[in-house]
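Provide a 3D model corresponding to the input given below.
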Amino acid sequence: MSEKSSRSIKLPVLTTLLCALLLSACEQPQPPRLEQIKEDGTLRVVTRNSPTTYYQDRHGSTGLEYELSRRFADSLDLELEVETISTLDELYAQLASEGGPHIGAAGITVNPAREGQVRFADSYLDVTPQVVFRRGDRQPTAIEDLYDKRIMVLKGSSLADQLRDLQTEHPQLIFEESDNVEVVDLLRLVNDNEIDYAVVYSNELIVNQAFYPAVRVGFDLSDERPMAWALPNDPDDTLLDAVNKFFTDIRADGTLDQLIERFYGHSDVLDYVGARGFAQHTQQRLPRYETLFRQAGDQYGLDWRLLAAMGYQESLWDADAKSFTGVRGLMMLTLPTAKFVGVTNRVDPKQSIFGGARYLIWVRDQLSTDIPEPDRTWFAMAAYNVGIGHLDDARKLTSSNGRDPNRWVDVKDHLPLLSKKEWYSKTRYGYARGAEPVHYVQNIRRYHEILQWVTQPQSEMAQAAAEKYHTPGILEQIPQGF
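You can find the predicted model right below:
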């Protein structure tokens, strides 16, 4: 046999071996999902731009879903990359796409209709589907009351699927799905009587209701439903297991409760009259003093909207305000406090605002360095109201009861005990109307949140909705004469 013929026989064998090796390499299992993400170094999260999920404030990104996502990324030593979507359908489509985001953290509930498309992690919050209506109209109390009415819901949401299920027994139930609106737009449409009803979740109503005080709950559409993150429908469990462990850990150490309190714990403090008054005063009184609040905020490193919220809680932005105890002015300073911060005329708006800012900073600086932000600010406001001594007493009671004296969510439960003899008799500074600083702080946080939201540029989606439904800006959306 010639050398040429010998080589011709060996070539197919080599080719076969090479193909086998390549095929074997191709069939090697992919690294676990979580390992791939760690190698990349970035956790990619998709969410919605809304007050309950993710938005920008003076300090940057915030919102419950953002704060949860950031902590999860930090727990894995990963960078966080956040992308916002315009519709829920788009969110699910991205999660199902090749190379799409790793997690959907967008205030969504576990939806059986989507379980073939995504995987849901363990729940971290229970919310109730609610039918809302405009105050003054006839209150709906049952599905039958929705017949022949204009009802709107977010397109692609589990609420839309729930309404479709109800249609099998209630064919007269007609509703409209829209992907050009967010929940804030649905509430505005109800508030302004452009639609009859909307179906939203309880947490979304709580956060947004102060913007639209005429909106009320008609009835609960069903029992509570679990809210959870959505992940790609991947048979690999490593990322899902890491998410579930994260929520187990932050539930056990109190972080989850603290975050929920931060974003929802102060959201139910405004009734219809209070919300209406705040809306009107925001238009009529705040413009007189906004520049002064901004200047004081810049000078003392404070969010001007926080100072404005405090001013509203103190005096309803009335420069001539006076209480029966003798405190006066926009920031309601006592004579000793005014003297301490160099205020000579308490009814002078500039002196009052700048003096209030100086005093708040001084109080904050007296607090224990163990108290982190944002709790440190809530503590400072409570001390501004009730005094540092009583606040320290409440912190000691909190600690003695096995709770954390450095967390507002724990201390606010103990401040009211200062009005009960069995408790204040054990303290250094004695009796105090301890419930007042709790309401004081909660109200300011609510006013602050509203001012933050209405002074931020709205998303492209909200702008598109405004054009479609001819909606004005939020400050202009406040109903007149109701």
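
residue contacts, the residue lying closest to residue 317 once chain neighbours are set aside?
Take residue 317 and drop its neighbours on the chain: the residue closest to it by Cβ to Cβ, 6 or more residues apart in numbering is residue 285, 4.1 Å away. Every residue, glycine included, has its C-beta placed from N, CA and C. Contacts for residue 285 (Cβ atoms under 8 Å, 6 or more residues apart in numbering) come out as 316-318.

how close does the residue positioned nearest the centre of the chain get to residue 32?
Of all residues in the chain, the one closest to the mean position by Cα atoms, centre = their mean is residue 52, 3.7 Å from it. Relative to residue 32, residue 52 is positioned 32 Å away (Cβ to Cβ, to the nearest Å).

could you give me the average pLDDT of stretch 362-375?
Throughout stretch 362-375, pLDDT has a mean value of 93.

oh, I was asking about stretch 76-92
For stretch 76-92, the per-residue pLDDT averages 92.

cool, stretch 437-452 as well?
Stretch 437-452 comes out at a mean pLDDT of 89.

Please apply the same query to stretch 242-251.
Here the average pLDDT along stretch 242-251 is 96.

which outside residues touch it?
Counting by Cβ under 8 Å, 6+ apart, 34, 68, 71-72, 75-76, 103, 121-122, 124, 229, 231, 256-257, 259 sit against stretch 242-251.

swap in stretch 286-299?
Outside stretch 286-299, the residues touching it (Cβ under 8 Å, 6+ apart) are 302-308, 311-312, 317, 319, 330, 349-350, 353-354, 356-357.

please redo it, this time with the cut-off set to 6 Å
When contacts are defined by Cβ atoms under 6 Å, 6 or more residues apart in numbering, stretch 286-299 is touched by residues 303-304, 307-308, 349-350, 353-354, 357.

The closest residue to residue 230 other than its chain neighbours: neighbour count?
Distances taken as Cβ to Cβ, 6+ apart put residue 104 closest to residue 230, at 3.9 Å, once the chain neighbours are dropped. If you count neighbours by other Cβ atoms under 10 Å, residue 104 ends up with 28.

Quickly list what residue 104 is bridged to.
residue 46, residue 230 (DSSP bridges).

ok, it - contacts?
Counting by Cβ under 6 Å, 6+ apart, residue 104 has contacts 46, 91, 95, 230.

try residue 349
Here residue 349 is in contact with 289, 292, 319, 330 (criterion: Cβ under 6 Å, 6+ apart).

could you redo the last one with a cut-off of 8 Å?
Residue 349 touches 288-289, 292, 319, 329-330, counting by Cβ under 8 Å, 6+ apart.

shaky segments in the stretch 151-300 of the chain?
The stretch 151-300 of the chain contains residues with pLDDT under 70 at 210, 266-275.

In the stretch 101-250 of the chain, mark out all the strands, start to finish.
Ranges of strands within the stretch 101-250 of the chain are 103-104, 118-120, 125-127, 129-134, 151-154, 176-178, 197-201, 215-220, 225-227, 230-232, based on DSSP state E, counting those that start in this stretch.

Dihedrals phi and psi, the residue nearest to residue 143 when sequence neighbours are not counted?
Distances taken as Cβ to Cβ, 6+ apart place residue 170 nearest to residue 143, at 5.3 Å, with adjacent residues excluded. Taking degrees, to the nearest 10, you get phi -130, psi 70 for the backbone angles of residue 170.

Residue 170 is in contact with residue 144, isn't it?
Yes. Judged on Cβ atoms under 8 Å, residue 170 makes contact with residue 144 at a distance of 7.4 Å.

Who are the packing partners of the one helix or strand residue 263 maps to?
Here residue 263, judged by DSSP states H and E, is contained in helix 255-264. If contacts are counted by 3 or more Cβ pairs under 8 Å, 6 or more residues apart in numbering; DSSP states H and E, helix 255-264 sits against helix 64-75, helix 202-208, helix 238-252, helix 408-411.

Out of those helices, the one nearest residue 418 is which?
Counting by Cβ to Cβ, residue 418 lies closest to helix 408-411 out of the helices and strands packed on helix 255-264; the figure is 11.1 Å.

With just CA atoms, put stretch 193-211 into CSV.
The C-alpha trace of stretch 193-211 is given here as CSV (Å, rounded to 0.1, in the frame of the first residue of the first chain):
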residue,chain,number,x,y,z
ASN,A,193,-64.6,61.0,37.0
GLU,A,194,-63.2,60.0,33.6
ILE,A,195,-63.8,56.4,34.3
ASP,A,196,-66.2,54.8,36.8
TYR,A,197,-63.9,52.3,38.5
ALA,A,198,-60.4,50.9,38.5
VAL,A,199,-59.0,47.7,40.0
VAL,A,200,-55.7,48.1,41.8
TYR,A,201,-53.8,46.5,44.6
SER,A,202,-54.1,47.8,48.2
ASN,A,203,-50.4,48.8,48.5
GLU,A,204,-50.6,50.9,45.3
LEU,A,205,-53.7,52.7,46.6
ILE,A,206,-52.1,53.4,50.0
VAL,A,207,-49.0,55.0,48.5
ASN,A,208,-50.9,57.0,45.8
GLN,A,209,-54.1,57.9,47.5
ALA,A,210,-52.9,61.2,48.9
PHE,A,211,-52.4,62.4,45.3
